[in-house]
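S.K.: need coordinates for the following:
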Amino acid sequence: MTDLSTAQHLTVVEHPMVQHKLSIMRDKNTSTAKFRQLLREISMLLAYEVTRHLPMTTQQIETPMCPMDAPVLKGRKLALVSILRAGNGLLDGILELIPSARVGFVGLYRDPETLKPVQYYCKLPSEMSERVVIVVDPMLATGNSLAKAIDLLKEAGARKIIFLCLLAAPEGVQRMKEAHPDVPVITAALDERLNDHGYIVPGLGDAGDRLYGTK
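M.R.: Residues are numbered from 1 along each chain as shown. Down below sits the predicted model:
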């Protein structure tokens, strides 16, 4: 069994199906409906990677043939925490794979003057200290909002946290490594950089706008 503490700080999932679906999502001509469908599909594929190091134990069951000690997940049910609003696109797909997970939400916006993240909503499951917590947001850009969200989770008692995203910028990865080196980052791609407006390049645009058809 591999403990969560041994996971790498950054893991890029290079599975061919993940990369293929991500390429279609990057295309500016991909429709909102298709983007939404692909996000659900890719989130399920990424969920296999993000749950790779979950702690296991055994439970005695009886098969039609005989009793056995069968491997099962250890501890309380997972907590999935979506960073609003785009995180909900990843959340939906992961819940199809892990329907028993508890779900929380963190809402943050960037103050236009200070450029610092401001919290406007936070609702989390109970017993956070006893759960593995998977935080989801399609984009890791500057990392400032994510670092703030992780602060909130740790204040609520969370101790085992993993972050899952579609795209990450080097600046965001570095920010997380400095602010929360104990939180593994799992992504489908590490892109080149941020532009002057804080968007990931080459990226895929604003994930929330493309997911919900807004501008």
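S.K.: the strands in the chain, which residues?
M.R.: 10-12, 56-62, 67-73, 79-83, 102-110, 117-123, 132-136, 139-140, 160-168, 185-190, 193-194, 200-201 (DSSP state E).
S.K.: adding mean pLDDT and mean neighbour count, write those strands out as a markdown table.
M.R.: C-beta coordinates here come from the backbone N, C-alpha and C atoms, glycine included. Below are the strands of the chain laid out as a markdown table (pLDDT from 0 to 100; neighbours: other Cβ atoms under 10 Å):
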| stretch | mean pLDDT | mean neighbour count |
| --- | --- | --- |
| strand 10-12 | 93 | 16 |
| strand 56-62 | 94 | 10 |
| strand 67-73 | 94 | 11 |
| strand 79-83 | 96 | 25 |
| strand 102-110 | 91 | 18 |
| strand 117-123 | 90 | 13 |
| strand 132-136 | 95 | 25 |
| strand 139-140 | 94 | 26 |
| strand 160-168 | 95 | 25 |
| strand 185-190 | 95 | 22 |
| strand 193-194 | 92 | 14 |
| strand 200-201 | 94 | 18 |
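S.K.: adding distance to residue 40, write these out as CSV.
M.R.: Shown next, in CSV, are the strands of the chain (distance: least, Cβ to Cβ, whole Å):
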stretch, distance to residue 40
strand 10-12, 21
strand 56-62, 27
strand 67-73, 23
strand 79-83, 14
strand 102-110, 16
strand 117-123, 23
strand 132-136, 12
strand 139-140, 17
strand 160-168, 12
strand 185-190, 14
strand 193-194, 27
strand 200-201, 21
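S.K.: show me the one of the ones you listed that comes nearest residue 28.
M.R.: Nearest to residue 28, of all these, is strand 200-201, at 13.5 Å by Cβ to Cβ.
S.K.: contact partners of the closest one?
M.R.: The contact list for strand 200-201 (Cβ atoms under 8 Å, 6 or more residues apart in numbering) reads 139, 141, 167-169, 191-195.
S.K.: elements contacting the lengthiest helix in the chain?
M.R.: Looking across the chain with DSSP state H, the single longest helix is helix 32-50. Judged by 3 or more Cβ pairs under 8 Å, 6 or more residues apart in numbering; DSSP states H and E, helix 32-50 is in contact with helix 16-26, helix 87-97, strand 160-168, strand 185-190, helix 207-212.
S.K.: give the buried residues for the first one.
M.R.: Along helix 16-26, these residues count as buried under the neighbour rule (16 or more other Cβ atoms under 10 Å): 18, 21-22, 25-26.
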